[in-house]
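J.: structure for the following, please:
(one chain, ligands or ions: 1)
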Amino acid sequence: MGLLVNGKWQDKWYDTDSSKGEFQRESAQLRNWVTADGSAGPSGREGFKAQKGRYHLYVSLACPWAHRTLIFRTLKGLEDYIDVSVVSPDMLSQGWTFDQAKGSSGDSLFGYHYMHQLYTRNNPTYSGRVTVPVLWDKQQNCIVSNESAEIIRMFNEAFNHLTGNTLDFYPEHLRKDIDAINELVYHGINNGVYRTGFATTQQAYEQAFDTLFSALEKVERRLAGQRYLVGSELTEADWRLFTTLIRFDAVYFGHFKCNKRTIESYDNLANYLRDLYQVKGVAETLNMAHIKRHYYFSHTMINPTQVVPKGPALDFSRPHNRRFMG
Ligand SMILES: N[C@@H](CCC(=O)N[C@@H](CS)C(=O)NCC(=O)O)C(=O)O
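T.: Have a look, this model is predicted:
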């Protein structure tokens, strides 16, 4: 695990000394947008027009942020438009690798060994963490974006005129509600599990833990009266929550010490999770072996033996009770 400093790779764990043991996530730096006509998006520069075969998505199947982009690629029918390379679940001294002997598909564009090579191809003096997902532009030979929250918005609409798929997970009339629930879910839950698991003082851990479970309990109550987070329509807010929930009992509960309750023990959350998992195409985006291997094997400061647990037994294909809800 490490980062680039002026284009040079350094093997370094997160610094929590200067923040009283708190894990602070670095903001994504590469923020251009693919748009239908190539005009600039909400940030970054213009010149990234939606075209078949032009963009390549780099993901880890273990990573909840990358998982969002894979789900959107599937739900928006983009498989033939955007191809994918998958890194190995092990993220050790060189960061993400394309080790085919260890579960990676290989880097199908450049045959690189390491993800950091892609970042320095984009910018030879890059400084920052080398994260997935990454959306790459084959035409301009550069990174479009390394921010999953924005990549899913691009997938949601930029290619509609090419694919004819007009499913909308960020509809105009629900945007305010979606933005509001995203805030709670991001800080409390998506990033909350990391803040809990990567805390290096008791106080930072307990604070993150309490924030996490209070957010989960809020969501549990909300889901008592409605099928999805903002009502009866399935939106991006649900998919953003889903990728954390699906990893929770297998990884965050034990490895990140998020162990007040399992998701299985919350009636609404457990049924809701199965409901989302059973949406057509979604189960195929889940790779529990990569998930467990990544966290337990890569975070050697949390789990120095690198032993990966066999359990728990989980079955997300069991029936759920949410079909007839409003
Ligand atoms: N803001 C980014 C965060 C992505 C992220 O943190 N990905 C993790 C994998 S789960 C990563 O690549 N971490 C490597 C590191 O922090 O060095 C996004 O949502 O796209």
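
J.: burial of residue 199, as a residue count?
T.: Counted with other Cβ atoms under 10 Å, the neighbours of residue 199 add up to 23. (Glycine included, C-beta is placed from N, CA and C.)

J.: residue 37 now?
T.: Around residue 37 there are 9 residues (other Cβ under 10 Å).

J.: do residue 84 as well
T.: 18.

J.: return the distance of the nearest residue to residue 322 once chain neighbours are set aside relative to residue 139.
T.: Closest residue in space to residue 322, ignoring its immediate chain neighbours: residue 275 at 4.6 Å, by Cβ to Cβ, 6 or more residues apart in numbering. Residue 275 sits 39 Å away from residue 139, going by Cβ to Cβ, to the nearest Å.

J.: look at these two and report which has more neighbours.
T.: residue 275 (22 against 12).

J.: my guess is the more buried one contacts residue 320. True?
T.: Yes. Between residue 275 and residue 320 there is a contact at 4.6 Å, judged by Cβ atoms under 8 Å.

J.: quick revisit: give the contact list for the residue nearest to residue 322.
T.: For residue 275, the contacting residues are 227, 320, 322, 323, by Cβ atoms under 8 Å, 6 or more residues apart in numbering.

J.: repeat for residue 221
T.: residue 268.

J.: secondary structure of it: a strand, I assume?
T.: No. Using DSSP: H, G, I helix; E, B strand; the rest coil, the assignment for residue 221 is helix, not a strand.

J.: so how far is the ligand from it?
T.: Going from residue 221 to the ligand by Cβ to the nearest ligand atom, to the nearest Å gives 27 Å.

J.: CA atoms only: put stretch 227-239 into CSV for me.
T.: Provided in CSV are the C-alpha atoms of stretch 227-239 (Å, rounded to 0.1, in the frame of the first residue of the first chain):
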residue,chain,number,x,y,z
ARG,A,227,-38.9,0.1,-0.5
TYR,A,228,-35.9,2.3,-1.5
LEU,A,229,-33.9,5.1,0.1
VAL,A,230,-35.9,7.9,-1.5
GLY,A,231,-39.2,6.2,-1.9
SER,A,232,-40.5,3.8,-4.5
GLU,A,233,-37.9,4.5,-7.1
LEU,A,234,-34.6,2.7,-7.2
THR,A,235,-31.8,5.4,-7.5
GLU,A,236,-28.1,5.8,-7.3
ALA,A,237,-28.5,6.4,-3.6
ASP,A,238,-29.4,2.7,-3.2
TRP,A,239,-26.5,1.5,-5.3
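
J.: what lies in contact with that stretch?
T.: 68, 71-72, 152-153, 156, 169-171, 174, 177-178, 181-182, 185, 219, 222-223, 226, 241, 272, 275-276, 279, 322, 325-326.

J.: list the contacts of residue 250.
T.: With Cβ under 8 Å, 6+ apart, residue 250 has these contacts: 288, 291, 292, 312, 314.

J.: what of residue 195?
T.: 22, 23, 204, 208, 211, 212.

J.: so it is in which element?
T.: Applying DSSP states H and E as the criterion places residue 195 in helix 191-197.

J.: and what of residue 28?
T.: Following DSSP H and E, one finds residue 28 outside all helices and strands.

J.: next, the buried residues of stretch 122-136.
T.: By 16 or more other Cβ atoms under 10 Å, the buried positions in stretch 122-136 come out as 122, 126, 128, 129, 130, 131, 132, 133, 134, 135, 136.

J.: follow-up on the earlier one: what subset of the contacts of residue 275 is buried?
T.: Buried among the contacts of residue 275 (16+ other Cβ under 10 Å): 227, 320, 322.

J.: now do residue 15, the pLDDT please.
T.: Residue 15 carries a pLDDT value of 80.

J.: so how far is the ligand from it?
T.: For residue 15 relative to the ligand (Cβ to the nearest ligand atom), the value is 12 Å.

J.: quick one: that residue from residue 300, how far?
T.: Distance, residue 15 to residue 300, by Cβ to Cβ: 17 Å.

J.: which secondary structure element contains the residue nearest the centre of the chain?
T.: Geometric centre of the chain, nearest residue: residue 65, 1.0 Å, by Cα atoms, centre = their mean. Here residue 65 sits within helix 64-75, counting by DSSP H and E.

J.: what's near enough to touch residue 319?
T.: Here residue 319 is in contact with residue 274 (Cβ under 8 Å, 6+ apart).
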